[in-house]
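A.B. asks: Curious how this folds, go ahead:
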Amino acid sequence: MKKEHSVAGRYLQYGLLTLIVHLTASCSDNPPPPPAPANMAAAAPNPSPVPPRADQKLIVAFGDSLYAGYNLDPGKGLAPVLEKSLAAGGLQARVVNAGVSGDTSAAGLARLAFTLDGLPRKPDLMLVGLGGNDMLRGLDPSATRGNLDAILQEAKKRRIRVMLTGMLASPNMGGDYATAFNAIYPDLARQYGVALYPFLLDGVIGRRTMLLPDGIHPNDKGIDLIAARLAPMVARELQP
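C.D. replies: I've put the predicted structure just below:
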């Protein structure tokens, strides 16, 4: 019971934090601006990565600030830490950071082809982590679903294997919104036969020692935990 209460409490905190975002946004007629990227390299839509060695797998981490390494030192974001986690497990891979802070699913779709065309070769796996900013802005879940569907369609057309990392709607968004939004990721994963990590912030959200002062973005410890949990799934997806 204590564990259940702890999880519920952390998720309630997540809801309160996102409620603050909505209250702040409601003071303006314009949508809230995306958070400033920690550095330009983390936000580059086409990062011009170093080509992987012949013995390395190529993974592209295509997402928003949770992928980009928002407000983290270079080398501390999800892509480089995941690369190290995979290497520790015996898998040599180059993980390209294609995360852009503030990106919605629509913005991700708009830069998808440009990003993939800028890679040194077709990736062995693409991690897709978008939709969190859609939820924070209260965008229609049907639009988010459509954009993610289009991203998966493009990956399928290019014969790129995909792994989705999902997001959950904050409790303050209401039951109807949560029902529509939360179903997006498992539905699309089943439709396209791709792997799904259900909630990217699982084990991190609501834990102050794992988060930056904004209470939403992971700090170094949070990224380490996420990467450690993702690495075994990523390794399985890269098996022949």
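
A.B. asks: who touches stretch 140-152?
C.D. replies: Residues outside stretch 140-152 that contact it (CB atoms under 8 Å, 6 or more residues apart in numbering): 62, 104-106, 108-109, 112, 128, 130-131, 134-135, 162, 164, 177, 180-181, 184-185, 187-188, 191-192, 194. Every C-beta, even on glycine, is put in place using the N, C-alpha and C of the backbone.

A.B. asks: what residue ranges in this structure score low on pLDDT?
C.D. replies: Within the chain, the segments meeting pLDDT under 70 span 1-49.

A.B. asks: if you set the cut-off to 80 instead, what comes out?
C.D. replies: 1-55, 240 (pLDDT under 80).

A.B. asks: among the contacts of stretch 140-152, which are in strands?
C.D. replies: Residues of these located in strands (DSSP state E): 62, 128, 162, 164.

A.B. asks: what sits opposite the first one in the beta ladder?
C.D. replies: Assessed by DSSP bridges, Phe62 has beta-bridge partners Ala98, Val128.

A.B. asks: Tell me who's in contact with it.
C.D. replies: Phe62 neighbours (CB under 8 Å, 6+ apart): 98-99, 108, 112, 115, 126-130, 151.

A.B. asks: Does Leu211 touch Asn219 like I think?
C.D. replies: Yes: using CB atoms under 8 Å, Leu211 makes contact with Asn219 at a distance of 5.9 Å.

A.B. asks: Of these two, give the one with the bigger neighbour count.
C.D. replies: More neighbours surround Leu211 than the other of Leu211 and Asn219, with 20 against 17 (other CB atoms under 10 Å).

A.B. asks: How much space separates the more buried one from Leu139?
C.D. replies: For Leu211, the distance to Leu139 equals 24 Å [CB to CB, to the nearest Å].

A.B. asks: and if you look at Ser65?
C.D. replies: The value you get for Ser65 to Leu139, if CB to CB is used, is 16 Å.

A.B. asks: Neighbour count for the two, which is higher?
C.D. replies: Higher neighbour count among Ser65 and Leu139: Ser65, with 28 against 18, using other CB under 10 Å.

A.B. asks: Count the residues that sit near the residue nearest to the more buried one when sequence neighbours are not counted.
C.D. replies: Leaving aside its chain neighbours, Ser65 sits nearest to Ser101 (3.8 Å; criterion: CB to CB, 6 or more residues apart in numbering). By other CB under 10 Å, the residues close to Ser101 number 23.

A.B. asks: Would you mind measuring from the most centrally placed residue in the chain to Gln56?
C.D. replies: Nearest to the geometric centre of the chain sits Gly129, at 2.9 Å (CA atoms, centre = their mean). Distance of Gly129 to Gln56, given as CB to CB: 22 Å.

A.B. asks: And for Tyr67?
C.D. replies: In terms of CB to CB, Tyr67 sits 20 Å off from Gln56.

A.B. asks: who's more crowded, those two?
C.D. replies: Shown here are Tyr67 and Gln56; by other CB under 10 Å, Tyr67 has more neighbours (27 against 17).

A.B. asks: Regarding that one, what is its secondary structure?
C.D. replies: helix (DSSP: H, G, I helix; E, B strand; the rest coil).
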